[in-house]
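Q: could you look at this predicted model? Sequence included:
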Amino acid sequence: MAVHLTLDNENLASTYDEVSNTQFNNGSILIQKLAVKPGDSVLDIGSGTGRLGRHVISLIGQAGNFVGIDPLEERIKIANGKNEHANAIFKLGNAEDLSSIPDNSCDVVYLNAVFHWVLNKEVALQEIFRVLKPGGRVGITTGAKELSSFTGVRLITDNVLKREPYNKLVRLEDSTQNQHGLTTTELIQLLAGAGLTVKDIEIKEIKRRYPTARAVIRFSEASSFGNFLNHVPKSLRDQAKADIEFELEKQRHKDGITFSGFTIFAVAEKK
Ligand SMILES: C[S@@+](CC[C@H](N)C(=O)[O-])C[C@H]1O[C@@H](n2cnc3c(N)ncnc32)[C@H](O)[C@@H]1O
């Protein structure tokens with residue numbers, strides 16, 4: 001199942017900027033693990049609307065250098081609109097082609113909530129290896145595929161799609177997460193295969209709270225830039241969303257709906 005980069009729009013992009021607190025918090029943990037410091041040269045791959053990037057720009061200071069790349073125009077527009085620093089830029093680009101970045105030029109490269117969307121992960125890691133300075137670090141956060149099937153929104157979504165009328169037309173294994181997500185073991189193997197030395201791997205249980213079922217769907221659509229349920233035939237997608245929303249709403253308590261998910265935090269080094 002392909003990942004579509006043409007389904008994003010201004011509304012999904014600005015919604016993402018508003019509702020991506022969990023990604024921001026995870027990203028801040030990753031940046032701490034990467035020990036980003038003043039003067040560093042940093043590449044943010046899949047920068048989105050630049051929330052985490054703005055935090056990193058404040059850490060590297062005026063002596064640092066920051067480039068954020070993302071394939072989605074609407075997200076880059078928001079990121080540049082909110083950037084106030086001349087030593088930082090957000091531009092269109094994707095993980096598999098870092099040709100605008102010189103060899104051995106980055107102290108830190110990171111992909112926060114991005115690597116599961118990258119189609120050619122081997123090529124992306126080859127490129128990351130090339131642009132890192134010796135001693136430079138790459139940081140990745142991504143969902144732990146081996147733990148995804150019994151958690152949160154995913155469990156409810158899959159249970160709905162196993163019912164009539166979806167079961168004859170939808171293959172659960174075609175979901176983006178199943179097709180492009182990766183297990184912790186696969187991530188370690190990929191990093192090592194690219195010549196990177198894994199320094200730190202941690203799986204954290206991350207809790208997310210949403211006020212309503214509608215908010216869960218809104219988050220899922222914005223964070224997947226329109227790819228939510230793209231393994232469901234178009235003619236059934238709205239009905240599936242409504243059915244999932246109905247099931248999600250049953251989970252709501254007075255504080256809203258809380259879900260857990262397992263996120264991998266990985267740091268690797270180019271020796
Ligand atoms: C969930 S958002 C994460 C955004 C941001 N990193 C954050 O922490 O909020 C996923 C981002 O990955 C980007 N993306 C998808 N495929 C990509 C690729 N092949 N290379 C780089 N970025 C990609 C999307 O455009 C989207 O902005």
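A: All right, it came through fine. Here the structure is a predicted model, which is why all the values come from computation and not from measurement. Residues are numbered from 1 along each chain as shown.
Q: so who does the residue sitting nearest the centre point of the chain touch?
A: In the chain, the residue lying closest to the centroid (CA atoms, centre = their mean) is residue 113, at 1.9 Å. Contacts for residue 113 (CB atoms under 8 Å, 6 or more residues apart in numbering) come out as 23, 26-27, 46, 141-142, 223. Heads up, the C-betas are built off the backbone N, CA and C, glycines and all.
Q: roughly how far out does the helix or strand of the chain with the lowest mean pLDDT sit from the chain middle?
A: When the helices and strands of the chain are scored by mean pLDDT, DSSP states H and E, helix 176-180 comes last with a mean of 88. Its chain's C-alpha centre and that of helix 176-180 lie 13 Å apart, by CA atoms, centre = their mean, to the nearest Å.
Q: is any part of it close to the ligand?
A: No. If you take CB under 6 Å from any ligand atom as the test, helix 176-180 misses the ligand, and the best it gets is 9.3 Å.
Q: which residues of the chain fall in helices?
A: For the chain, the helices defined by DSSP state H occupy 10-19, 21-33, 51-60, 73-82, 121-131, 152-161, 176-180, 184-193, 213-223, 234-249.
Q: make a markdown table from the ones you listed and add distance to residue 169 and mean neighbour count to it.
A: Supplementary listing: the helices of the chain in a markdown table, determined by distance: least, CB to CB, whole Å; neighbours: other CB atoms under 10 Å:
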| stretch | distance to residue 169 | mean neighbour count |
| --- | --- | --- |
| helix 10-19 | 25 | 17 |
| helix 21-33 | 31 | 17 |
| helix 51-60 | 37 | 20 |
| helix 73-82 | 31 | 18 |
| helix 121-131 | 29 | 20 |
| helix 152-161 | 9 | 20 |
| helix 176-180 | 16 | 17 |
| helix 184-193 | 29 | 16 |
| helix 213-223 | 20 | 19 |
| helix 234-249 | 7 | 15 |
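Q: out of those helices, which gets the lowest mean score?
A: Lowest mean pLDDT within these: helix 176-180, at a mean of 88.
Q: now do that one: everything it contacts.
A: For helix 176-180, using CB under 8 Å, 6+ apart, the contacting residues are 1, 3, 116-119, 143, 145, 148, 154, 172-173, 224, 227, 230-231.
Q: ok, and of those residues, which contact the ligand?
A: Within these, those near the ligand by CB under 6 Å from any ligand atom are 117-118.
Q: show me which pair in the contacts of helix 176-180 is furthest apart.
A: 118 and 172 (21.7 Å; CB to CB).
Q: which one's more surrounded, these two?
A: Taking neighbours as other CB atoms under 10 Å, residue 118 and residue 172 compare with residue 118 leading, 22 against 16.
Q: the more buried one against residue 124, yeah?
A: Yes. Between residue 118 and residue 124 there is a contact under CB atoms under 8 Å: 5.0 Å.
Q: give the intersection of the neighbour lists for those two.
A: 95-96.
Q: identify the residues contacting residue 138.
A: Contacts of residue 138 by CB under 8 Å, 6+ apart are 108-111, 125, 128, 132, 191, 196, 267-270.
Q: equivalent analysis for residue 102, please.
A: Applying CB under 8 Å, 6+ apart, the residues near residue 102 are residue 131.
Q: look up how far the ligand lies from it.
A: 19 Å (CB to the nearest ligand atom, to the nearest Å).
Q: burial of residue 84, as a residue count?
A: Residue 84 - counted by other CB under 10 Å - has 7 other residues nearby.
Q: okay, now residue 252: neighbour count?
A: 15.
Q: my guess is it contacts residue 209. True?
A: No. Checked against CB under 8 Å, the pair residue 252 and residue 209 is beyond contact range at 10.6 Å.
Q: ok, residue 24 touching residue 53?
A: No. Residue 24 is beyond contact range of residue 53, at 10.4 Å (criterion: CB under 8 Å).
Q: give the contact list for the closest residue to residue 249 other than its chain neighbours.
A: What sits nearest to residue 249 in space, not counting adjacent residues and going by CB to CB, 6 or more residues apart in numbering, is residue 213, at 4.0 Å. Counting by CB under 8 Å, 6+ apart, residue 213 touches 244-246, 248-249, 251-252, 257.
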